[in-house]
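K.L.:
Attaching a predicted model along with its sequence, questions to come.
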Amino acid sequence: MGEIIEFEYRGLNIFDEISTVEIAIEPLTKRIHVLDTMQVVEPEYNFGKKRFQMSEGFQKMTEVLCTKRFQEIQDQSTEQWVNDMTWIFYGSKKSIIKMEQCEITEMPKATLANEIHRFDLFEKYMVRVL
């Protein structure tokens, strides 16, 4: 892993309570790690469509991230920037959720304990959710 920028984002969880999300950005690899144990921004499962979708909290967070100066976004919409990044969510579910090029993949936590480096996961967050 190269340079990592870490910070916190505060938003409303599914119970309308203010909660904190930890974010680690790897600008060189275009990877964003999100530790969200209170369901503020992690993808939500749509039972009607039988797949994960991005939550309203995620949309709000990405708008905030796009306005930060450390991100060099030129001539890109928020949607384009989100799609260019790989998002890895370490959260409340039994899986790590990875979104890459609009595709969402579930990776069961139990099988990832010894595979942290193989899947380019953020060890600091993995230790906290295992």
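P.N.:
Arrived safely, thanks for sending.
K.L.:
outside of the lowest-mean-pLDDT helix or strand in the chain, which residues touch it?
P.N.:
Lowest on mean pLDDT, DSSP states H and E among the helices and strands of the chain sits helix 109-112, with a mean of 86. Under the contact criterion C-beta atoms under 8 Å, 6 or more residues apart in numbering, helix 109-112 has outside partners 94, 95, 96, 119, 121, 126, 129, 130. Backbone N, C-alpha and C define where each C-beta goes, glycine included.
K.L.:
mind listing the strands for the protein?
P.N.:
Using DSSP state E, the strands of the chain run over 5-12, 18-26, 31-36, 44-46, 51-53, 86-91, 95-100, 103-108.
K.L.:
okay but residue 3 is in contact with residue 31, surely?
P.N.:
No - the pair residue 3 / residue 31 is not scored as a contact, 11.5 Å apart, by C-beta atoms under 8 Å.
K.L.:
neighbour count winner among those two?
P.N.:
residue 31 (20 against 9; other C-beta atoms under 10 Å).
K.L.:
from memory residue 62 sits against residue 78, does it?
P.N.:
Yes - counting by C-beta under 8 Å, residue 62 does reach residue 78; the two are 5.6 Å apart.
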